[in-house]
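Q: Build me a model from this:
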Amino acid sequence: MAASSRDPGRFLRRTTCTRRIGARLVLDAVAAQDDAWIVFAAGTPPEAVGPAGGTAIREVRSIGGGLVVTVSTPEVVTLTVDGSEAEIAPRRAETGLFAGLNALVALRNGESAEQAAEWLRHHAGAHGAEGALIIDRAPGGDAAFATALEALCRDIGGLQRLVVVDLDAPLGRADLPPESHPFNASESPGKDRMDLPSPDPWTAPLGELQLYEWLRRAFLDEARAVANLDLCDLLAPAEGANMFDRAAAAPSGALLLLGRHVFPWRPRDPDAPAFADHLCVQFDRPRVSRRWCVAPAKAGPETTWRMVRIAGAAPRHEDVALFFRCMGLRHRGHPVSRIVPKTSLVEEPRMLALAERLGGRPPVRMPEIAPPRVDPAATRTAIVTTMKNEGPFIIDWLAYHRAIGVADFLVYTNDCSDGTDALLDLLQDRGLVQHRDNPYRASGLKPQHAALQAAEDEPLIQAADWLICMDVDEYINVKAGDGTLRALFEAVGAANMISLTWRLFGNADIHGFEDAPVIAQFDRCAPEMTRKPHQAWGFKTLFRNVGLFKKLGVHRPKGLKPQLWDHIAWVNGSGRPLPRTDYRNAWRSTAETVGYDLVQLNHYAVRSAESFLVKRDRGRVNHVDRDQGLAYWFRMNHNAEEDRSIRRMIPAMEAERARLMADPDIAAAHAACVAAHRAKIAELKARPDYAAFYGELTGWRMERLSRMLGHFGANVFLAGPECIPDAVVRAEPDEGFFFTVDPPRETRH
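A: The predicted structure is shown next:
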C-alpha cells in the first residue's frame, strides 16, 4: 500500500497494491511486530493456501468467502497457493495513525465530498468522533473527491485524523448492479419487473466481507473505539455517554448499532438529496440494518470484525445504539417511489428533530389529511360487481344479499350473450340495481379493473357507508346473530374493515345444471384450515367508505393514505384484529389471520359441471389471459367437508326472490337467461373437445381428487391434476398423508 500525503498530521491518502498469485487475488499483506496477515479475495477456499519455507500459518479465518491468513513471519512470507509456492512481502501496519482515537470506518461508493463532510461534521460534533478511515471504492481512487473532502473538513473541530484509501481492485459482488440501484433497496417495490443494468463490481454491494478484519489489522487495532457506519448513516442524538464511551465501558467491548431506514417524502432538490430531506419511516415493515462500535483492546484479539457484527463479542441487551440510514442518499438518483412504497411512509419525530439540528433547508413534510369522521349508526351497504353471461344466477344472488341487508348494487357487464344485460336493465328500471356497460375497451384495462375505476365516480358508491367488491358466485355468509349485516356490524364493534375469507365450495358431485338456488344445491366445501392452494384463503373486504384508501380494488381497497394508517380498525372473519403488515397489500388470509366465526365468503367458483362448461367458454373478467380448464377445476372444486350454515337464510332469500319474480317481466327475463344457459350447455357438449372435458370433470378421478386436496403440496396445484399418479388417487390416505412434486416449468392455470 503506497503512501502519499498533503497534510501528514491530519489528512492522509493511501493506495492498495493488490497482486495475483495464479488464479487468486491477494488484496493486501500487512505485518505487525510478530505476525503478518495475508488477505485473499472472496472465492479463495481455505485449502488453497498452505505454509512453505520457514513460514508457519497460525490461523486461517474464512469470512464471507474471503480469507485472512495469520502467519508468524512478519518479513517475507512464503506460502503455497493452489500448490504453487509464492513469496509475499507485507507492508507495515499503520495502526498508530488512529492510536487512542474514537474512529469511524466507512466505504465511499460514489457519495459526494459535501455529503461525506456533513457526515463527519455530525459525528465529530455530536458524538465525539476524532478520526475517520474512508475506503474510496472508485476505480483507482478519486483525486477530486479527496481534495474537496480535505478542504471541507479543515473546520471540523475535534477531527484529528482522516485517511482515505484508494483501491486498485473492486470490492463489490460481481453479480449485482450498482448499490445505488433500487434493486438493492430491501424495500423497493416491483423488483421482478425491473430492467437491471449490467453487474458492476466497482459499485455493487460489498462482496469482500473480510474487509473489516483487514482494516482492523492495517489501520484500526490501536484505536480507542471504532464505529462502522456508511456515509448515508447518521447516529441518533445520544442521551448520556456517546457510543465510543459506551463501547469502551461495555463488558464485551462492543455495541450493536441498529439502523432504521429513513426516506424523504420528497427531496427539495432531486438531483442533490440531503440528510435533512429524510423524515419518513415505514409504519408496517420497518427494515433495520446492523453495524457495530467496538473497543479493540476491550473486545480482545480473538474477536473477528465482520460487516454486521463483532464475532466473538456478546453485547448485552442494553448495549445498543440507534442510527438512521438515509435511503435517498444510498439510492441517489432515483425517485422515492422506486425505493419504497410511499403508501408505507409516516413521519418519524426523532428524524425530524435531527433534521432541525443539521440545519439548512427543512424537509418537505407529508401533506396533512384530516382524520375520518364516522357515524357508527350509518350502515348503508353497497356491492360493486362485474358480470359476463351470469344471467341464470343473478336473481338468487340479488335476493339473498337484499335479504341480509345490502341496499345497493352496481353491476358492470361486458360482451354478454345470454340475456344478462336485458335482465339487469329491467332490474335497474325497477330501482333494484344500477347497470353499466363495462368501459374496459376505452380504458385498455382488464374488465374488472376498468369497472372498479369507473365505479369510484358513481354517486351510489360515493354515498355508501360500507362497500365491498365481489362476484356473483360469492355469497356473504354471516354467522353472527340473525345472519344479517346488521348483526355482523354489531359483532365487530368499531371495526371499519372486515376480511371475508373465501370458503371454497365444490360441485358436490352435481353434474347437471338446475334452476335452483346455488346455496341450496352446493354444500360441500374445503375445510376451514386449507392452506393450499394459494387461492383457498383469498378474501374480499367489506369496508367503511371513509377515505382511508385512494381507490377500489378487487380484494380490498388500494392506495392506503399512510397519514391515516392508525385509524384503520381491520378485523378478520372472527373479529380479531389484523396486523398492520396486512394494511397495504394483503389479499389472502394466513394461518395466523384466518377466521370464520362471524362471517365467511362462500365462493361457488365451479357450481355444476355443466355450468362450468359455460364458465370456461365465457372466460374471466380479471385474469383474462388464463384458461379456466381442468387445472382451475382441480384447484377450486373442494368437496371434502359439508357446510350448511348459510341455509338458515334460505327462507329469507326465498321470500325476497318471490317478490322479485312476482314481476312478470323479471320472471320472463330470468327464464330467458336460463334457456340461453341450457342451450349453451347443449352446444358445448355437442363439441368433441368440450364433451371430452365434461367427461373428465365428471369422471371418478376428478371426483375422488375433490375430496383429497388437503393432502397435496403447493407444486401439485401449480402442475395440475395430471401430475398425480392413479395409485395415489385410488389410495385411502390417512390424516398425515402428503403428496407433492417438483416445481413445474410452467404453471397450469
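Q: make it CA atoms for all contacts and neighbour counts henceforth
A: OK.
Q: so how far is stretch 262-277 from its chain's centroid?
A: Using Cα atoms, centre = their mean, to the nearest Å, the mean C-alpha position of stretch 262-277 is found 23 Å from that of the whole chain.
Q: burial measure for residue 245, as a count.
A: For residue 245, the neighbour count with other Cα atoms under 10 Å is 18.
Q: For the closest residue to it other than its chain neighbours, which residues are in contact?
A: Nearest residue to residue 245, sequence neighbours excluded (Cα to Cα, 6 or more residues apart in numbering): residue 225, at 8.0 Å. For residue 225, the contacting residues are 100, 101, 102, 103, 244, 245, 247, 248, 293, 294, 295, 296, by Cα atoms under 8 Å, 6 or more residues apart in numbering.
Q: helix or strand right after the least confident helix or strand in the chain by mean pLDDT?
A: Ranking every helix and strand in the chain by mean pLDDT, DSSP states H and E puts strand 2-7 at the bottom, with a mean of 44. For strand 2-7, the following helix or strand on the C-terminal side (DSSP states H and E) is strand 11-15.
Q: Which strands or helices does that next one pack on?
A: Strand 11-15 is packed against strand 2-7, strand 161-167, with contacts defined by 3 or more Cα pairs under 8 Å, 6 or more residues apart in numbering; DSSP states H and E.
Q: Need the mean per-residue confidence for the next helix or strand after the last one.
A: I take that to be strand 161-167. Sequence-wise, the next helix or strand downstream of strand 161-167 (DSSP H and E) is helix 211-215. For helix 211-215, the mean pLDDT works out to 97.
Q: now do stretch 469-481
A: Here the average pLDDT along stretch 469-481 is 98.
Q: cool, stretch 187-207 as well?
A: Mean predicted confidence for stretch 187-207 is 95.
Q: Let me see the residues that make contact with that stretch.
A: 42, 64, 109-110, 137-139, 169-179, 182-184, 287, 337-341.
Q: hey, which helix is longest across this protein?
A: helix 664-685 (DSSP state H).
Q: What separation do you get for residue 719 and residue 580?
A: Counting by Cα to Cα, to the nearest Å, the gap from residue 719 to residue 580 is 34 Å.
Q: Neighbour count: those two, which is higher?
A: Legend: neighbour count by other Cα under 10 Å for residue 719 and residue 580, higher for residue 719 (21 against 15).
Q: All the helices of the stretch 51-200 of the chain, in order from the start?
A: Along the stretch 51-200 of the chain, counting by DSSP state H, counting those that start in this stretch, helices occupy 113-127, 143-152.
Q: Out of the ones you listed, which one sits most buried?
A: helix 113-127 (a mean of 19; mean count of other Cα atoms under 10 Å).
Q: Keeping just the C-alphas, turn that helix into PDB.
A: What follows is helix 113-127, C-alpha atoms only, in PDB (Å, rounded to 0.1, in the frame of the first residue of the first chain):
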ATOM      1  CA  ALA A 113     -17.400  15.200  -0.700                       C
ATOM      2  CA  GLU A 114     -20.100  17.500   0.600                       C
ATOM      3  CA  GLN A 115     -22.100  14.500   1.900                       C
ATOM      4  CA  ALA A 116     -19.000  12.900   3.500                       C
ATOM      5  CA  ALA A 117     -18.100  16.200   5.100                       C
ATOM      6  CA  GLU A 118     -21.600  16.700   6.600                       C
ATOM      7  CA  TRP A 119     -21.400  13.100   7.900                       C
ATOM      8  CA  LEU A 120     -18.100  13.700   9.500                       C
ATOM      9  CA  ARG A 121     -19.200  17.100  11.000                       C
ATOM     10  CA  HIS A 122     -22.300  15.500  12.600                       C
ATOM     11  CA  HIS A 123     -20.400  12.600  14.200                       C
ATOM     12  CA  ALA A 124     -17.500  14.700  15.400                       C
ATOM     13  CA  GLY A 125     -19.700  17.400  16.800                       C
ATOM     14  CA  ALA A 126     -22.500  15.300  18.300                       C
ATOM     15  CA  HIS A 127     -20.700  12.000  19.100                       C
END
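Q: Break the protein down into its domains, please.
A: 1-171+206-223, 232-239+248-368, 381-685 (automatic domain parsing).
Q: which stretch among these comes nearest residue 736?
A: domain 381-685 (14.3 Å; Cα to Cα).
Q: Can you get me the start-to-end distance on the closest one?
A: From start residue to end residue, domain 381-685 stretches across 40 Å - Cα to Cα.
Q: For residue 140, see how far away residue 20 is.
A: Residue 20 is 17 Å from residue 140, by Cα to Cα.
Q: Actually, residue 456.
A: According to Cα to Cα, residue 456 stands 57 Å off from residue 140.
Q: now do residue 726
A: Taken as Cα to Cα, the span from residue 726 to residue 140 is 65 Å.
Q: With neighbour numbers in mind, choose between the two.
A: Neighbour tally, residue 726 and residue 140, criterion other Cα under 10 Å: the higher count belongs to residue 140, 15 against 10.
Q: tell me the pLDDT at the residue lying closest to residue 711 once chain neighbours are set aside?
A: Nearest residue to residue 711 in three dimensions, chain neighbours excluded: residue 738, at 4.7 Å (Cα to Cα, 6+ apart). Looking at residue 738, its pLDDT is 96.
Q: so who does residue 738 touch?
A: 711, 712, 713.
Q: swap in residue 105?
A: Residue 105 neighbours (Cα under 8 Å, 6+ apart): 132, 133, 134, 135, 226, 227, 228, 229, 230.
Q: Mind doing that once more with 6 Å?
A: 132, 133, 134, 228 (Cα atoms under 6 Å, 6 or more residues apart in numbering).
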